[in-house]
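Student: everything below, folded, please.
(chains A and B)
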Amino acid sequence: MARKKHVIYKYLRTTKRFPSIWCPGCGVGIFLGALLRAIDKSNYSKDQIVLVSGIGCAGRLTTYVDFNTLHTTHGRALTFATGIKLAKPELKVIVIMGDGDAVAIGGNHFIHAARRNIEITSIVINNGIYGMTGGQLSPATPLDVETISSPYGNLEPSFDICRLAEAAGSSFVARSTVYHAGHMERLIGKALQKKGFTMVEIISQCPVHYGRQVGLNSAVEMMKWQRDNAVTDDKAKGLSEEELQGKIRIGVLVDREIPTYQERLENLKESLKEKAVAL
Amino acid sequence: MKKTELLQGNEACVKGALAADCRFFAAYPITPSSEIAHRMAYELPRRCGIFIQAEDEIASLGAVIGASLAGAKSMTATSGPGFSLMQEHISFASIAEVPCVIVNVMRGGPSTGVPTHPSQGDVMQARWGAHGDHPIIVLAPSSVAECFSLTVEAFNLSEKYRTPVIVLSDEFIAHLREKVSLPSSDEIELVERPKPAEPPEVFVPYRDPGTGVPPMPSFGEGYRYHVTGLCHDERGYPTTRADEVEPFIRRLFHKISRDLDKLQWGETYYTEDSTLNIIAFGSVARAGLTAVKTARAKGMKVGLLKLLILFPFMRRKVTQLMESSTTILVPEMNMGQISREVKRVNQGRCHVETLNRVAHEPIMPQEIMHKIEEIYG
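Tutor: Purely as a prediction, here's the structure:
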């Protein structure tokens, strides 16, 4: 009996040879599967989608998939995406970033894209570490964790990336983990349908550069940690602040109607047309 | 009939961009370039174009590159400190071969320097500021009319060669008001980026068609290709193979250098019999021409070569001039950046004198005249 080809094969570039550059146990591949399944369930064509990425492990994702793909500079993916979306609004622009990419070097672009509420689906794959450069601390590394660049423990508190996006003005904010693959796919699907700037944070694992440092010695252990520490909204309601300490809240955290940049722009264009007639 | 207008250099730059069909402009406020952004913010939305004030200059050029990939002719404008922030993306636009225009209205540096007096201190930053070996085209207007014409040409060259083009203006020219007669739209020739003739199924995005400039589809046109700042093979995929990287980087240089003869954009004045020749660009070329006229009135055989294109450096035209010169004088508002290029190509042909100014005051014709008299003895 012929094996049914998985839906993601439709979206993989046949001219680019796999395997990918990712280490065994990396969470990016699991995310990629969820992204492609979510896209498959959406109404967007391959020609319509522009997938933009920054630099780092997550940044390499664009190479492998059959869309209009753009692998940009470190932290600046959202700036390129802004130009694409404004110049050609009919395109569906999706931006993939890592945690260091999005909120360290790209922090400024991240908050301003959210503030403008520009129509971009952004995804931050948060593995809490700089993987590609060998395991330095990122703004998402928890306090006290020993990394190669914090050998005596991390002195810096970490960002809550979802709260950052919410405070900056994002229309839609959600969080999932690569352990919750189906949940992750559904959240990405929702983000793809939502107007305005949407941000989905995906908690992922880097067994090579993070897990080993904190005593989680395999991808499986790290994913079990995600399973055991994730708390859905329903569950969170029954827990106290103390009980929620150190837990990962997953689900849709923000879903609100705010005028988007595109809507404001369209209004401006209309008003200028009227003025031209009046002249 | 041509309309005569009183325009400022920065305004002429905007008119040039609009004449070249610029559809997208992103910038961060910085004097003395801000009038370009102000005018673009007013004009573009009325023409269904896009203006956006970015959060910084890195974002400005990122958005410009994104818009260009989506098919819009795009531009940004800045001054020294902002230009430094843009270097990362100039490098990206070079390797990814994305047409875009960057106007740098030079002001006195280093750092915040002397805002905002004129300077020509960014010549080498324009050439080599971006990391990695990369080709670049740099144009330098010396009048309001040239702010217009060279901005049009900047778009044309960026489209033709798929490369970032820098318009290196200075505060003096940017804020100068002059009477100009701009050409009408049917008198302006526009160049568009090469487009693929073949269907997407057989399209190889970075294959050299013989000109060194691969055709460039826009995002959304059905050619789903990969754009990256990594060294890439013909298909656009990252490569570290020496036999792919070496020809790739060489092609980037060659696509421009093969046309070097066509890019000798300089204007000569009184050089038929001159033995002392001035080489200057930007606002200093104006002072140079006045000095030459004064010297001529005194019977001195002095000429001028005004550089309209700084890079690639017009070696042929400059060496031709050197063949008939005993002395070349290079006045510039920096410690000697273009004079280094002049000395580099001189190879002992003649004597090279410099006249430098870093106090960020314009070089006056009298100062150049004084130097001419000094050389004449």
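Student: for residue A:109, the count of nearby residues, please.
Tutor: For residue A:109, the neighbour count with other C-beta atoms under 10 Å in any protein chain shown is 29. Backbone N, C-alpha and C define where each C-beta goes, glycine included.
Student: equivalent analysis for residue B:264, please.
Tutor: Residue B:264, neighbours per other C-beta under 10 Å, totals 17.
Student: try the one 10 residues further on
Tutor: Neighbour count of residue B:274, defined by other C-beta under 10 Å: 23.
Student: what of the one 5 residues further on?
Tutor: By other C-beta under 10 Å, 28 other residues sit near residue B:279.
Student: show me the contacts for it.
Tutor: The contact partners of residue B:279, taken as C-beta atoms under 8 Å, 6 or more residues apart in numbering or on different chains, are B:304, B:305, B:307, B:318, B:321, B:328, B:329, B:330, B:338, B:342.
Student: so which of the residues you listed comes closest to chain A?
Tutor: residue B:338 (30.1 Å; C-beta to the nearest C-beta).
Student: can you pull the pLDDT of the closest one?
Tutor: Among the per-residue scores, residue B:338 shows a pLDDT of 98.
Student: re the thing from before, from the contacts of residue B:279, which ones fall inside helices?
Tutor: Counted as lying in helices by DSSP state H, out of those, are B:318, B:321, B:338, B:342.
Student: need the nearest residue in space to the first one, chain neighbours excluded.
Tutor: Of all residues beyond its chain neighbours, the one nearest residue B:318 is residue B:345 (5.6 Å), with distances taken as C-beta to C-beta, 6 or more residues apart in numbering or on different chains.
Student: helix, strand or coil for the one you found?
Tutor: helix (DSSP: H, G, I helix; E, B strand; the rest coil).
Student: please name the residues that touch it.
Tutor: B:313, B:315, B:318, B:319, B:322.
Student: how about a cut-off of 7 Å?
Tutor: Residues in contact with residue B:345 (C-beta atoms under 7 Å, 6 or more residues apart in numbering or on different chains) are B:315, B:318, B:319.
Student: ok, back up a step: specify which member of the contacts of residue B:279 is nearest to residue B:116.
Tutor: Residue B:116 lies nearest to residue B:338 out of those, by C-beta to C-beta, at 21.6 Å.
Student: surely that closest one touches residue B:331?
Tutor: No: in this structure residue B:338 lies outside contact range of residue B:331 using C-beta atoms under 7 Å: 9.6 Å.
Student: gap between the closest residue to chain B within the stretch 151-279 of chain A and residue B:43?
Tutor: The nearest approach of the stretch 151-279 of chain A to chain B comes at residue A:272, 5.4 Å away (C-beta to the nearest C-beta). In this structure, residue A:272 and residue B:43 are 11 Å apart, going by C-beta to C-beta, to the nearest Å.
Student: which one of those two has more residues nearby?
Tutor: Taking neighbours as other C-beta under 10 Å, residue A:272 and residue B:43 compare with residue B:43 leading, 17 against 14.
Student: C-terminal to the helix or strand harbouring the more buried one, what's the next element?
Tutor: If you go by DSSP states H and E, residue B:43 is part of helix B:34-46. Counting by DSSP H and E, the next helix or strand C-terminal to helix B:34-46 is strand B:50-53.
Student: partner strands of that next one and their direction?
Tutor: strand B:24-27 (parallel) (DSSP bridges).
Student: report how many residues lie close to residue B:74.
Tutor: For residue B:74, the neighbour count with other C-beta under 10 Å is 31.
Student: and it, its phi and psi?
Tutor: Note on residue B:74: backbone dihedrals following degrees, to the nearest 10 are phi -140, psi 150.
Student: what's near enough to touch it?
Tutor: Residue B:74 neighbours (C-beta under 7 Å, 6+ apart): B:22, B:24, B:64, B:67, B:68, B:100.
Student: narrow those residues to those in helices?
Tutor: Using DSSP H, these in helices are B:64, B:67, B:68.
Student: so who does residue B:179 touch?
Tutor: Contacts of residue B:179 by C-beta under 7 Å, 6+ apart are B:4, B:6.
Student: give me the distance between it and chain A.
Tutor: 27 Å (C-beta to the nearest C-beta, to the nearest Å).
Student: around chain A, pick out the residues from chain B.
Tutor: B:23-24, B:26, B:45-46, B:48, B:50, B:52, B:55-56, B:58-59, B:62-67, B:69-72, B:88-89, B:92, B:219-220, B:222, B:224, B:226-230, B:235, B:237-238 (C-beta under 7 Å from any C-beta of the partner chain).
Student: so how do I select the buried members of those residues in ChimeraX?
Tutor: To isolate the buried members of the residues of chain B next to chain A in ChimeraX, using 16 or more other C-beta atoms under 10 Å in any protein chain shown:
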select /B:23,24,26,45,50,52,55,56,58,59,62,63,64,65,66,67,69,70,71,72,88,89,92,219,220,224,226,227,228,229,230,235,237,238
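Student: doesn't residue A:34 make contact with residue A:8?
Tutor: No: Residue A:8 is beyond contact range of residue A:34, at 9.5 Å (criterion: C-beta under 7 Å).
Student: which of these two has more neighbours?
Tutor: residue A:34 (25 against 16).
Student: in which helix or strand does that one reside?
Tutor: Assigned by DSSP H and E, residue A:34 falls within helix A:28-41.
Student: in the chain, where is pLDDT below threshold?
Tutor: Going with chain A. For chain A, the stretches with pLDDT under 70 are A:1-3, A:276-279.
Student: my bad, the chain I had in mind was chain B
Tutor: Ranges of chain B meeting pLDDT under 70: B:1.
Student: tell me the contacts of the residue of the stretch 151-279 of chain A closest to chain B?
Tutor: Residue A:272 neighbours (C-beta under 7 Å, 6+ apart): B:45, B:46.
Student: thanks again, I'm all set now.
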